[in-house]
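In: A structural model of the following input is requested.
(chains A, B, C and D)
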Number of protein chains: 4
Amino acid sequence: MYNVALLGAGRIGLVHAVNIVNHPETTLYSVADPYEPNAKKMAEKYGCKIQTIEEVMADPNVHAVLIASATDTHADLIELSARAGKTIFCEKPIHLDMARVQECLKVVEECNVPLFIGFNRRYDPQFRQVKERLQQGQIGKPESLIIISRDPSPPPAAYVKVSGGLFRDMAIHDFDMARFIMGEDPVSVYASGSCLVNPEIGEAGDIDTAFVVMRFPSGAMATISNTRRSGYGYDQRLELHGEKGVLTAKNIYEDSVELWTDEGCKYAKPEFFFLQRYDAAYKAEWEHFVDILNGKATPATTGFDGMQALHLADKALESLQTGKEVKL
Amino acid sequence: MYNVALLGAGRIGLVHAVNIVNHPETTLYSVADPYEPNAKKMAEKYGCKIQTIEEVMADPNVHAVLIASATDTHADLIELSARAGKTIFCEKPIHLDMARVQECLKVVEECNVPLFIGFNRRYDPQFRQVKERLQQGQIGKPESLIIISRDPSPPPAAYVKVSGGLFRDMAIHDFDMARFIMGEDPVSVYASGSCLVNPEIGEAGDIDTAFVVMRFPSGAMATISNTRRSGYGYDQRLELHGEKGVLTAKNIYEDSVELWTDEGCKYAKPEFFFLQRYDAAYKAEWEHFVDILNGKATPATTGFDGMQALHLADKALESLQTGKEVKL
Amino acid sequence: MYNVALLGAGRIGLVHAVNIVNHPETTLYSVADPYEPNAKKMAEKYGCKIQTIEEVMADPNVHAVLIASATDTHADLIELSARAGKTIFCEKPIHLDMARVQECLKVVEECNVPLFIGFNRRYDPQFRQVKERLQQGQIGKPESLIIISRDPSPPPAAYVKVSGGLFRDMAIHDFDMARFIMGEDPVSVYASGSCLVNPEIGEAGDIDTAFVVMRFPSGAMATISNTRRSGYGYDQRLELHGEKGVLTAKNIYEDSVELWTDEGCKYAKPEFFFLQRYDAAYKAEWEHFVDILNGKATPATTGFDGMQALHLADKALESLQTGKEVKL
Amino acid sequence: MYNVALLGAGRIGLVHAVNIVNHPETTLYSVADPYEPNAKKMAEKYGCKIQTIEEVMADPNVHAVLIASATDTHADLIELSARAGKTIFCEKPIHLDMARVQECLKVVEECNVPLFIGFNRRYDPQFRQVKERLQQGQIGKPESLIIISRDPSPPPAAYVKVSGGLFRDMAIHDFDMARFIMGEDPVSVYASGSCLVNPEIGEAGDIDTAFVVMRFPSGAMATISNTRRSGYGYDQRLELHGEKGVLTAKNIYEDSVELWTDEGCKYAKPEFFFLQRYDAAYKAEWEHFVDILNGKATPATTGFDGMQALHLADKALESLQTGKEVKL
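Out: Numbering: from 1, shown residues only, chains lettered A, B, ... in the order given. You can find the predicted model right below:
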């Protein structure tokens, strides 16, 4: 049985807490959160300790940490945990600044602890199927990948300001997905973007709508279509064209009921938010992390993956600003 | 917190155990099963007591029983539990013999305990949506109901012999569904059936393929299409035609991935078995039962519903044997 | 080049006229219609002669007749045409009275002319695919057939009175479809029906909603679900379950456009009426008739097929009236 | 009745000939083709004259010409026809060289004759629905357009050499579609491309796989995904995201039949080639041209549209070669 300390008891921390508790090999041992009410609520709900970060690091009973705190604390917490010899699960991103990421990963390397970066979508059963069937040869070599990734509604402008921008905050998942599906790193990236959803996002220096094109060493290409507001739910699809055909992962819908009337045929919207849509992914991700704890697996999404996705986000931004394809 | 004794630790008992354990207001207090290894396995997994039926009934700490034992023990266990003042959750059916059912329900009535019959499909979110949207008036008055209910593969002939036959064992769910959706009891039933899947089923005196037509007081009609072997998974659909259109609940598929090649477009099969297909239904059913324990609800599927579904099964059999529509 | 006389220049006559004119081997030679304005309009549009029935029969230039006149004239016109040695295309039904049908078919037999009965749906590419794939063994032996056949809106009560009733007028197509798909004649039929759409239909002695169950010598069964008013267009589907799986022909939709908004996902209705839905079927039917004229084929839907479908309709009515399954 | 001279009796000429013949207001008056067997076949089939280009131009009975000849003859034939005062229907493109296009359009302008450019896809009922529903406000302002346009199989390398390349030959339709849907001209274009399908295409200096991103004055963007070989048929879809949701035009499938077996659920491929897929579009296009002849309409796709689509193709090529977004 592995004792896990949860660093950060907000929305995403809650998602992980349920999975930690329900897994037969893990225990939610403690929670740490600078915002006391969150920590208390979690401790009451699951009967776990409240600890400070220092206590977590010093406690030999803590085998692993799950970092689900504010983005700008991730790198610091990773370093502390690595030095304390904990096995680390960290929500993406490591940090919004590339130099800081590299520094942090050096510490992890020196301490030689496993670091898993939570790119949840890689563990979504739908996208995983696409990857597996590609590997089975169902469509031959991959040639064109289209990723459609639309949030249901935009974040507040206040959040946008500290988010690192659409590419580092939102598209980072899609950059990782493109690397995951294609199995290689792109050699160029081009990005185009606009502020169409909310002018306050533009005033905050960000965009809310984007297209990205990446080119891979094999000559294959990928495009990403992003918007901060879909109008109909969480739109998470991809379509991979290869030499023999297409593999496409469609949305998951709220239900399977159709209504046919003289106004047409109507069915459900896609599941509205990431908590529902990626429920199975969060569970599978935790299964994988337990395998890491057990020594049965090494992290399938590593610090390097975290760094590469950020690198693509940085270069997409450079392309947006210069109007040029950026070589990588 | 309510203590639940689980009577029967087989396949369906396991499904319920998970939900009892995961619900914040219920505890799996004990398990009783004449087959000791099952009881032991359950007790070890969830850290609950092993009790005899007598101990369950005598134990004042047991607030509720969940009867998931062999079919022919249901009526006896209901009576014992009713006399012991327990709140009762019983898997369908109450008994295969109508006289025994009536006797049993009289005891329940005398003891004045809540009895919930586990017609799981009524709690499936898909079918429930159809019912709710009908009530909202989306298709006006209901006129024609088509229920398609196909098991993935036939049971062994040995089971068929003690099952009560296709109508009492399998179609009973569909009879209940028809009553649930239409909101009234049929006035006639006609059935036609064949043994097409496995001759041993015919030798055991049963059929494996059937069509049923029911007529309701409003003039609306319903048909059920059953087979013991679909060839492609658990096929659980319904389509309700009303004066303004159709509401249809489609299957739930194994995944959302499509493959397009020169051989055509291919997508997943329906979820293969009832454990997956009705996972959400079993959870919702338990939520409802906890509401009964809390006094917030009375059983939505009662002993009367159990009796009526059996009555329809009996009369369908009579129709099959006489070649006549049976008036009810 | 074959000269065709069109007997009846109403709605269905117009459908056929276009196909006659467009086919490279047939000419619309003449039109006969007791309602003069119809005949004139047709003659002007296509530059064909207007003839009386007597002139048609006496004219050696007329190679074939297409009977698209009022139902009660079909048998008389078939007999006249047979005696005049014309090759005959007759819209279903031959007659609403079985004795008259048998008499008429005797004349056809004596005159030894080809008689094709226009069961258009057999030539629909969708249903034909189902039949062909069944024959290719894609689902093994057929076991359960479900035919859903719903008209968009009910006919006027005045028409209902002379129509022969729902079974002879509307379901007759579905009886024929069941025979076509299963490749055998049923051994029993059961029918249930109601008047739910329009009370005037009930006052005219007819029903507007029906379920039919048929049993075939192989033990396979079929059900038909009919209504005179769908609420959403012409609903023409079938689903054939066999030992290895299902073949299902879905509706044809008005377009391929979907709209996704916060109210859900919406797509088109089925094509609204039979003229659109069966456009391809009418063309294919005419191709087949030209093959008959050419001696390349014998009628795939014969007088016998017309008689059998009527027989099933008659027996369904008997079942409806007696509440018994009728043996055939 | 308008007399039409068909200049070019190849594959696409045949498509138009059928529509000219079937339209009640147009006659296929004559055909001109330098390859005599083609002209003869057409003349025999439809009973029209064979003329030389000079005869066509001099013949006062010719009201309109339909130019369906080799691409490099289009501009010359447009000029001749314009000078002869004919109303002109010309297949895309006007010419592969922009200077020549401009010269040609100047002549058309001087002669003041209607010139219609055959961008068939604008007349496809599916894409037209998307445009119309956008205009009705169903999704608010357009923001992101994704056009997926894949040919079933690549052309021979010999054709590729004279085709003008993927952008001018194939993507030109998609450039026009983007302009049509968005209702404005892009302000920048970026293109990325690879040769993945057939190395001979690369040796001929062309690509066979491409992604294009365009930006519009409103800030809206569009992407095009092209390949010369889909592996499963003619893949012609688009998806328009706007402020309130998505409008998406899906493929048209070969049939509506599904097969469900233990290997999964299978349905038909998209219609295999443009002749089937755009059959309705060609008919609608001709209807529109007849309206031009009648003076009821002016060309909805003009010489200017032909020039703009070519301009986008030229600039996409420039972007591909320079790795920069090209401002327009």
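
In: Within range of chain D, give me the residues from the stretch 151-300 of chain A.
Out: A:188, A:190, A:192, A:194-197, A:209-211, A:213, A:215, A:218-221, A:223, A:225, A:227, A:229-232, A:235, A:239, A:241-246 (CB under 8 Å from any CB of the partner chain). The C-beta positions use only the backbone N, C-alpha and C, and glycine is treated the same way.

In: Check those for burial and list the buried ones.
Out: A:188, A:190, A:192, A:194-197, A:209-211, A:213, A:215, A:219-221, A:223, A:225, A:227, A:229-232, A:235, A:239, A:241-242, A:244-246 (16 or more other CB atoms under 10 Å in any protein chain shown).

In: ok, the most centrally placed residue in chain A - contacts?
Out: Nearest residue to the geometric centre of chain A (CA atoms, centre = their mean): A:F119, 3.4 Å. Listed by CB atoms under 8 Å, 6 or more residues apart in numbering or on different chains, the contact partners of A:F119 are A:K92, A:H173, A:D176, A:M177, A:F180, A:T301, A:D305, A:G306, A:A309.

In: Show me what the lowest-mean-pLDDT helix or strand in chain A is packed against.
Out: Every helix and strand in chain A was compared by mean pLDDT, DSSP states H and E; the lowest is helix A:274-277, with a mean of 83. Contacts defined by 3 or more CB pairs under 8 Å, 6 or more residues apart in numbering or on different chains; DSSP states H and E place helix A:274-277 against no helix or strand at all.

In: contact partners of that helix?
Out: Outside helix A:274-277, the residues that touch it by CB under 8 Å, 6+ apart are A:R11, A:V15, A:N120, A:Y234, A:Q236, A:I252, A:P270, A:E271.

In: so which of those residues is the most crowded?
Out: A:Q236 (28 neighbours; other CB atoms under 10 Å in any protein chain shown).

In: quick one: strands adjacent to the one helix or strand that one maps to?
Out: A:Q236 belongs to strand A:235-242 when assigned by DSSP states H and E. Paired with strand A:235-242 in the same sheet, following DSSP bridges, are strand A:142-150 (antiparallel), strand A:245-249 (antiparallel).

In: Quick check: nearest residue in space to A:G165, chain neighbours excluded?
Out: Spatial nearest neighbour of A:G165, chain neighbours left out: A:D206 (4.8 Å); criterion: CB to CB, 6 or more residues apart in numbering or on different chains.

In: in the stretch 51-200 of chain A, what residue is nearest chain B?
Out: Using CB to the nearest CB, A:Q129 is the residue of the stretch 51-200 of chain A that sits closest to chain B, at 4.5 Å.

In: okay, now A:T261: neighbour count?
Out: A:T261 has 20 nearby residues by other CB under 10 Å.

In: does it really touch B:Q138, like I thought?
Out: Yes - in terms of CB atoms under 8 Å, A:T261 counts as a neighbour of B:Q138; the distance is 7.5 Å.

In: any chance of the strands paired with strand A:235-242 in TSV, plus mean pLDDT and distance to B:D124?
Out: Shown next, in TSV, are those (pLDDT from 0 to 100; distance: least, CB to CB, whole Å):
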stretch	mean pLDDT	distance to B:D124
strand A:142-150	98	29
strand A:245-249	98	25
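
In: closest one to B:N61 among these?
Out: Closest approach to B:N61 among these (CB to CB): strand A:245-249, 49.2 Å.

In: Can I get the closest one in PDB? Just the C-alpha atoms.
Out: Extracted C-alpha coordinates of strand A:245-249, given in PDB (Å, rounded to 0.1, in the frame of the first residue of the first chain):
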ATOM      1  CA  GLY A 245      -7.400   5.100 -44.500                       C
ATOM      2  CA  VAL A 246      -8.500   7.100 -41.400                       C
ATOM      3  CA  LEU A 247      -8.800   6.500 -37.700                       C
ATOM      4  CA  THR A 248     -11.000   9.000 -36.000                       C
ATOM      5  CA  ALA A 249     -11.900   9.400 -32.300                       C
END
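
In: Give the next helix or strand downstream of that strand.
Out: Counting by DSSP H and E, the next helix or strand C-terminal to strand A:245-249 is strand A:257-261.

In: and that following strand, what does it pack onto?
Out: Secondary-structure packing of strand A:257-261 (3+ CB pairs under 8 Å, 6+ apart): strand A:264-267, helix B:125-135, strand B:245-249.

In: rewinding a little: what sits against the residue of the stretch 51-200 of chain A closest to chain B?
Out: A:Q129 neighbours (CB under 8 Å, 6+ apart): A:A249, B:D255, B:V257.

In: and with 10 Å instead?
Out: A:L247, A:A249, B:E254, B:D255, B:S256, B:V257, B:L259, B:A268 (CB atoms under 10 Å, 6 or more residues apart in numbering or on different chains).

In: Excluding chain neighbours, what is closest to the third one?
Out: Pointing back at B:E254 there. Once flanking residues are discounted, B:E254 sits nearest to B:A268: 4.1 Å by CB to CB, 6+ apart.

In: what angle separates the strand holding A:Q236 from strand C:257-261?
Out: 140 degrees (axes from the mean of the first three to the mean of the last three CA atoms, to 10 degrees).

In: What mean pLDDT does strand A:235-242 get?
Out: The average of the pLDDT scores along strand A:235-242 is 98.

In: Please export the C-alpha coordinates of it as CSV.
Out: Provided in CSV are the C-alpha atoms of strand A:235-242 (Å, rounded to 0.1, in the frame of the first residue of the first chain):
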residue,chain,number,x,y,z
ASP,A,235,-15.2,19.1,-28.2
GLN,A,236,-12.3,16.7,-28.2
ARG,A,237,-11.8,14.8,-31.4
LEU,A,238,-9.0,13.7,-33.6
GLU,A,239,-8.7,12.2,-37.0
LEU,A,240,-5.6,10.5,-38.3
HIS,A,241,-5.2,9.9,-42.0
GLY,A,242,-2.7,7.3,-43.1
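
In: hmm, what's the outermost residue in chain A?
Out: Distance from the C-alpha centroid of chain A peaks at A:D262, with 42.1 Å (CA atoms, centre = their mean).

In: Can you pull the phi/psi pair for that one?
Out: A:D262 adopts backbone torsions of phi -70, psi -10, taken as degrees, to the nearest 10.

In: Report the contact partners of it.
Out: With the criterion set at CB under 10 Å, 6+ apart, A:D262 makes contact with B:K244, B:G245, C:P152, C:S153, C:S230, C:G231, C:Y232, C:G233, C:K269, C:F272.

In: Reduced to three states, what does the last one come out as?
Out: Put plainly, it is C:F272. Judged by DSSP: H, G, I helix; E, B strand; the rest coil, the three-state class of C:F272 is coil.

In: Which residue is the nearest non-sequential neighbour of it?
Out: Leaving out its chain neighbours, C:F272 is closest to C:G233 (CB to CB, 6+ apart), at 4.9 Å.

In: For that neighbour, grab the count of nearby residues.
Out: Using other CB under 10 Å as the criterion, the residues surrounding C:G233 number 28.

In: swap in A:E103?
Out: Neighbours of A:E103 (other CB under 10 Å): 13.

In: confidence score at it?
Out: Value listed for A:E103 in the pLDDT field: 98.

In: That one against A:G303, yeah?
Out: No - taking contacts as CB atoms under 10 Å, A:E103 lies outside contact range of A:G303: 11.4 Å.

In: quick one: which helix or strand includes A:D206?
Out: Using DSSP H and E, A:D206 falls outside every helix and strand.

In: quick one: contacts for it?
Out: So A:D206 contacts A:155, A:157, A:160-161, A:163-169, A:193, A:195, A:198, A:200, A:228 (CB under 10 Å, 6+ apart).
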